[in-house]
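> Based on what follows, work out the 3D shape:
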Amino acid sequence: MAAIVLALVSLLAASALSVAAADFTDTLNAGAWIGGRSLNGGAFESFDVCQTGIDPGPVSEEFNCAIEFDISGLPTGATITAATLSLRTSLPCLSSPCLIDVAGYVGNGTGEEADLAAGSTVLTFGHTTITEYQDHDVTAFVAGRYGAADDWAGFRLSRAAASGANSSLPWDSPADGAPPLLTIEYSLPDPPTCELAVGGPELIDGTLIATVGDTTDLAGYDFPPDEEVTLEFISPDGETSTATEMSDADGAFDALIVWEAGDVGTWNLSAYPTADDTCTDTMTVVVAAAAAPATPRPSPSPTAALLPDTAASDAGTGGRLPIALLAIAVVASSAAGFARRYAVSRQ
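I've put the predicted structure just below:
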């Protein structure tokens, strides 16, 4: 079985790929609201009009209003790029200056008297127009509520302390006129494509030919970042083995495979996020046996021309060489590199 070594590394150009993003805009109507009125400086109680400011008279009345927007429908993984609160009134303000505080709070989808004193100021604006929406930037507050996984973003409207006494101002509410709006702009990264490449040392997107003893790099990129990835290795005989690895912050991972003698054949290597096996890619590696070592060439046999001539005769030796000459011949033969034995007999 192939030896698999998993390690997180930079994947050449793959880890440098930027993640594309798409932009979206959602415009939300207020999902809950409550008007409030305080008499002679007392606690705010429920009132049926969304109004701000003070109305001096026989009884001093101060008004405020709380409105809530359901942001639970924003998709997971969004980046909030802008949030705009749009409010409209159809009457002029008789006070100068005429300033309104907007406080942000975590809502719950129900207008409650507690909302009339909730939150902290996120912006102060001056009333400048009638009959048209007046837009106010609440990006930081909405992004904070989304980041905290809150379902409702609430806004309380009230008279700013610097406003004059005669600053009563009715605002359109979900029940009357043009309702308050919250427009949220956000971006989402394109869904991961879960791409694989194989190689060693060059990465390719295609079939790789490897040899027993080679190390193959199985590189993954454009996977969901910081998530577990399942690797599947299907052997030539159809046996499946698995391993897991964590992708890095760029959605990349790397596995190193060392092919062994029993791995000859065609392998299919796949990877997918453990939580979503529909995002997957497969690479094919054909493993060949290592070349057999070269067989050493044998030493050549001696030719007759190199052998000593034992056919010579001498009258004093009965046709055989003298022993001294035979010894010389054997030494010469041995020096020539041959392991030949010669029989010596005497008459």
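> tell me the domain ranges of the protein?
3-19+192-288, 21-189, 313-347 (automatic domain parsing).
> how about the ones you listed, which one is nearest residue 297?
domain 313-347 (15.2 Å; C-beta to C-beta). From N, CA and C alone the C-beta is placed, and that goes for glycine too.
> secondary structure class for the residue nearest to residue 53 when sequence neighbours are not counted?
With C-beta to C-beta, 6 or more residues apart in numbering as the criterion, residue 53 has its nearest non-adjacent residue at 3.5 Å, and that residue is residue 167. Following DSSP: H, G, I helix; E, B strand; the rest coil, residue 167 is assigned to coil.
> Contacts only, for the most centrally placed residue in the chain.
By C-alpha atoms, centre = their mean, the chain has its centre lying nearest to residue 225, at 2.0 Å. Residue 225 makes contact with 247, 248, 249, 250, 251 under the criterion C-beta atoms under 8 Å, 6 or more residues apart in numbering.
> Name the nearest of those residues relative to residue 241.
Closest approach between the contacts of residue 225 and residue 241, by C-beta to C-beta: residue 247, at 20.1 Å.
> and the closest one, how far is that from residue 273?
From residue 247 over to residue 273 the distance is 8 Å, taken as C-beta to C-beta, to the nearest Å.
> For those two, list the residues in contact with both.
Counting by C-beta under 8 Å, 6+ apart, the residues touching both residue 247 and residue 273 are 223, 224, 227, 228, 229.
> For burial, what's the neighbour tally of the closest residue in space to the fourth one that isn't next to it in sequence?
Going back to what we said before, that points to residue 228. Distances taken as C-beta to C-beta, 6+ apart place residue 274 nearest to residue 228, at 4.3 Å, with adjacent residues excluded. Counted with other C-beta atoms under 10 Å, the neighbours of residue 274 add up to 14.
> ok, now the one 5 residues further on?
By the criterion of other C-beta under 10 Å, residue 279 has 18 neighbours.
> just checking, it touches residue 196?
No - the criterion here is C-beta atoms under 8 Å, and residue 279 misses it with residue 196 at 11.4 Å.
> okay, and the common contacts of these two?
In contact with both residue 279 and residue 196: no residue, using C-beta under 8 Å, 6+ apart.
> and the gap between residue 82 and residue 156?
22 Å.
> which one of the two has more residues nearby?
residue 156 (26 against 14).
> Which elements pack onto the helix or strand harbouring the more buried one?
In the assignment (DSSP states H and E), residue 156 maps to strand 152-159. Counting contacts by 3 or more C-beta pairs under 8 Å, 6 or more residues apart in numbering; DSSP states H and E, strand 152-159 is packed against strand 51-55, strand 61-70, strand 99-106, helix 139-147.
> can you tell me which of the ones you listed comes nearest to residue 35?
strand 61-70 (5.1 Å).
> which neighbours does that closest one have in its sheet, and in what orientation?
Neighbouring strands of strand 61-70 in its sheet, by DSSP bridges, are strand 32-39 (antiparallel), strand 51-55 (antiparallel), strand 152-159 (antiparallel).
> got these as a markdown table, with distance to residue 236 and mean pLDDT columns?
What follows is these, written out as a markdown table (distance: least, C-beta to C-beta, whole Å; pLDDT from 0 to 100):
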| stretch | distance to residue 236 | mean pLDDT |
| --- | --- | --- |
| strand 32-39 | 64 | 93 |
| strand 51-55 | 77 | 87 |
| strand 152-159 | 58 | 96 |
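> For this protein, which segments count as helices?
Assigned helices in the chain, in chain order: 139-147, 323-335 (criterion: DSSP state H).
> are any of the shared contacts of residue 247 and residue 273 buried, and which?
223, 224, 229 (16 or more other C-beta atoms under 10 Å).
> Restricted to strands, list those residues.
residue 229 (DSSP state E).
> What is the lowest-pLDDT residue among the buried ones among the shared contacts of residue 247 and residue 273?
Minimum pLDDT across these is recorded for residue 224, with 93.
> Now do the contacts for that one.
Taking C-beta under 8 Å, 6+ apart as the test, what residue 224 contacts is 192, 247, 251, 273, 275, 276, 279.
> change it to 7 Å
192, 247, 251, 273 (C-beta atoms under 7 Å, 6 or more residues apart in numbering).
> Now the third one, what are its backbone angles?
Which is residue 251. phi 80, psi 30 (degrees, to the nearest 10).
> how many other residues sit next to it?
25.
> quick one: pLDDT of it?
pLDDT, read off for residue 251, is 95.
> so it makes contact with residue 220?
No - at 8.1 Å, residue 251 and residue 220 do not qualify as touching, with contact defined as C-beta atoms under 7 Å.
> Tell me where the stretch 151-300 of the chain has strands.
In the stretch 151-300 of the chain, the strands defined using DSSP state E, counting those that start in this stretch lie at 152-159, 169-170, 181-189, 195-199, 203-204, 208-211, 215-221, 228-234, 240-246, 253-258, 265-273, 281-288.
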